[in-house]
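> Below are the sequence and a predicted model; questions follow.
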Amino acid sequence: MCDVAFLLLTFFMLATKFKPDEPVTVVTPNSISEIPLPDADIMMITIDANGRVFFSIDNKNVRRALIEDINEYKGLNLSEQEMNLFAIGASIGTPFNELKSYLSAPPEQQREYDKNTSGIPTDTTVNSEQNELAAWIRTARNNNPKVRITINADAKAAYPDIKKVINTLAGWKIFKFNLITGLKAVPPGTAAYEMQNQGMKE
Amino acid sequence: MAEMDVSSGGGHKKGPGVKKGKKLSTRVDLTPMVDLGFLLITFFMFTTTLSKPKTMEINMPYKDEKMEEKDQSKIKASTALTVLLSKDHRVYYYEGLGDNPEQPPEVKLTYFKNQDGIRDVIIEKKKNVELLKQQGVLSATDQTTVLIKPDHNSTYDDLVNILDEMSINDIRVYAIVDITPVDQEFIQLTENAN
């Protein structure tokens, strides 16, 4: 019986490591908001401390459809294998012209690339050719109209970089999105604290 | 249940007339270890689901290039508090909208502190607006409005902190707007004065 227990324990300890490695780790700021991240249909725009933009979307099938559309739209000539690699992968931080070489590279090379890449080019208006993030967002929404947009940015990211992403979203008339934050306790003696206590008393 | 028997082997044969030697049987009960095991499992199960990131919902104001000035909702200066986010987590603030060049507002500096920081400023502003509503200067539908203007040297942390202060203090009407050159001048002047 204790063997079963320890087997289960080791299984859970290892099972949480099966996600593909993210190219960059981000330390998000904290807020009192307790709304959990939705489970499905999320598009995550990651912004690291240096302002580099990475793009990710969940659901393998949506990713596959997305890369096929992007391949056609931008004429990238991606092979089946490269598109499959994209479908099972994590965030992407490469400009379109380097996407093919990134997807065909082995994992160690990809990790090296991720350390030095400048991320997905963004701009303040959606109509400029430089704004590749706008193209990613639009194509993703075409493939999954229900997708929710979340921004996972590092606390030290400069505001102008965040502003470019927010303006890109506003350009596509996206005014409702989520910011991923850590949890912090509600400070006592404030309005939110009162509301929380009232909620608990009911 | 789970047991280990390390008792000293008691004599199997009892010789006639031999006194029964004291048998020290040490049986170690391992049930608590299995309990610990299950406790650890449940602990890891819960912490990996708890560490799922939380989100803040943001609703930006609807922006359309074709929208006229008059269609945009007007903000009453007496309900407004303007907050300027600057470098090194500095928060400059002033009452009103700062749109009257004849009467430049008094710009003050504070930080994100639990005491004597921007939170106390916001609480003070809320009290003032409530007072004005009681006096009849403002109608019952007017609410404290906060205009957030982040400068280009502020960080995302500052933005999230000020938005968090909005929910901590239950401010329902707020907007993130672009900082104007006038505001940047205010910051310069206040910095030079200190």
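That came through fine. Since the model is a prediction, treat every value here as computed from it, not as a measurement.

> any weak-confidence spans in chain B?
B:1-21, B:48-52, B:63-73 (pLDDT under 70).

> now with 90?
Per-residue confidence for chain B (pLDDT under 90) gives these ranges: B:1-79, B:87-88, B:95-118, B:130-144, B:167-168, B:170-180, B:182-194.

> Next: chain A.
In the prediction, chain A carries residues with pLDDT under 90 at positions A:1-42, A:48-52, A:56-136, A:138-147, A:167-177, A:181-202.

> Tell me which residue lies nearest the centroid of it.
Most central residue of chain A, judged by C-alpha distance to the mean C-alpha position with CA atoms, centre = their mean, is residue A:44 at 2.5 Å.

> Quick check: that one is in a strand.
Yes - the secondary structure assignment for residue A:44 places it in a strand, going by DSSP: H, G, I helix; E, B strand; the rest coil.

> Okay, and the beta partners of it?
Beta-bridge partners recorded for residue A:44 (DSSP bridges): residue A:56, residue A:150.

> Does it touch residue A:57 like I think?
Yes - shown here, residue A:44 and residue A:57 form a contact pair, counting by CB atoms under 8 Å, at 7.2 Å. All C-beta atoms are positioned from the backbone trio N, CA, C, and that covers glycine.

> did I read that right, residue B:55 in a helix?
No - checked against three-state DSSP, residue B:55 lies outside a helix; its state is strand.

> Now do the SS call for residue B:128.
Reduced to three states with three-state DSSP, the structure at residue B:128 is helix.

> again, but for residue A:180
Each residue gets one of three states, and residue A:180 gets strand by three-state DSSP.

> Tally up the residues packed near it, please.
By the criterion of other CB atoms under 10 Å in any protein chain shown, residue A:180 has 23 neighbours.

> list the contacts for it?
By CB atoms under 8 Å, 6 or more residues apart in numbering or on different chains, residue A:180 lies in contact with A:28, A:37, A:44, A:150-153, B:53-55.

> what's the answer for residue B:121, then?
B:81, B:93, B:108, B:110.

> The residue nearest in space to the middle of chain B and residue B:58, how far apart?
If you average the C-alpha coordinates of chain B and look for the closest C-alpha using CA atoms, centre = their mean, you land on residue B:164, 4.9 Å from that point. Between residue B:164 and residue B:58 the computed distance is 12 Å (CB to CB, to the nearest Å).

> Please apply the same query to residue A:145.
The value you get for residue A:145 to residue B:58, if CB to CB is used, is 20 Å.

> Compare the two (neighbour count), which wins?
Ranked by neighbour count (other CB under 10 Å), residue A:145 and residue B:58 place residue B:58 first, with 18 against 8.
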